[in-house]
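Asker: build me a model from this:
(one chain, ligands or ions: 1)
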Amino acid sequence: MLIKHYAEGKFYTIRCPEGTMVVRNPVFRASGAPAPCDGIVVPFEGREVPIPAEPAGLLPLLAESRRCGLALVGEPEADVRLHGASCPACGEGDVNWLRAGDDSEMVHCDRCGADFAMPSPALIPIPDPKRQ
Ligand SMILES: [Zn+2]
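Answerer: Model prediction:
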């Protein structure tokens with residue numbers, strides 16, 4: 001089974017072992033997160049291993065190191081906001097080197113260590129809650 005997971009400005013495709021369940025909003029004791037979050041339950045070595053979707057970097061990390069039977073499939077796909085972005089300091093435009101903060105508008109360049117502002121998205125309307 002394949003899942004798509006968003007972390008740090010990128011979508012990761014992760015292959016999960018057969019029998020993996022996606023669970024919405026349970027409280028994962030292992031996560032340490034203050035609020036319930038989505039996650040997956042992976043059958044691994046005769047046990048069911050719960051893996052929270054937060055922090056967002058956890059699943060890609062586990063998949064990259066092939067823990068719990070997880071595996072990364074292909075290259076991560078950049079968030080639309082990272083399409084065409086490149087580091088103003090070193091010119092790096094490969095999204096594997098560029099990391100967007102979860103809540104921030106900043107992008108971190110892993111290659112040279114520079115932080116720069118997320119390029120403005122092309123006209124994505126955002127509903128204004130005050131105008132309702
Ligand atoms: Zn750079």
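Asker: domain ranges for the chain?
Answerer: 2-78, 79-124 (automatic domain parsing).
Asker: mean pLDDT for the ones you listed: which is lowest?
Answerer: For the domains of the chain, mean pLDDT drops lowest on domain 79-124, to a mean of 82.
Asker: what segments of this protein are helices?
Answerer: All helices of the chain, identified by DSSP state H, fall at 58-64.
Asker: can you give me how far the longest strand seen in the chain is from the chain middle?
Answerer: Scanning the chain for the longest strand, with DSSP state E as the assignment, gives strand 71-78. The chain centroid and the centroid of strand 71-78 are separated by 10 Å under C-alpha atoms, centre = their mean, to the nearest Å.
Asker: got it, and stretch 76-87?
Answerer: 13 Å.
Asker: partner strands of the longest strand of the chain, parallel or antiparallel?
Answerer: Strand 71-78 pairs in its sheet with strand 10-15 (antiparallel), by DSSP bridges.
Asker: now the strand it pairs with: buried residues?
Answerer: For strand 10-15, a neighbour-count test (16 or more other C-beta atoms under 10 Å) marks Lys10, Tyr12, Thr13, Ile14, Arg15 as buried. (Glycine included, C-beta is placed from N, CA and C.)
Asker: any idea how far the ion is from the residue nearest to the first one when sequence neighbours are not counted?
Answerer: Think Lys10. Nearest residue to Lys10, sequence neighbours excluded (C-beta to C-beta, 6 or more residues apart in numbering): Pro76, at 3.9 Å. As judged by C-beta to the ion, to the nearest Å, Pro76 and the ion stand 18 Å apart.
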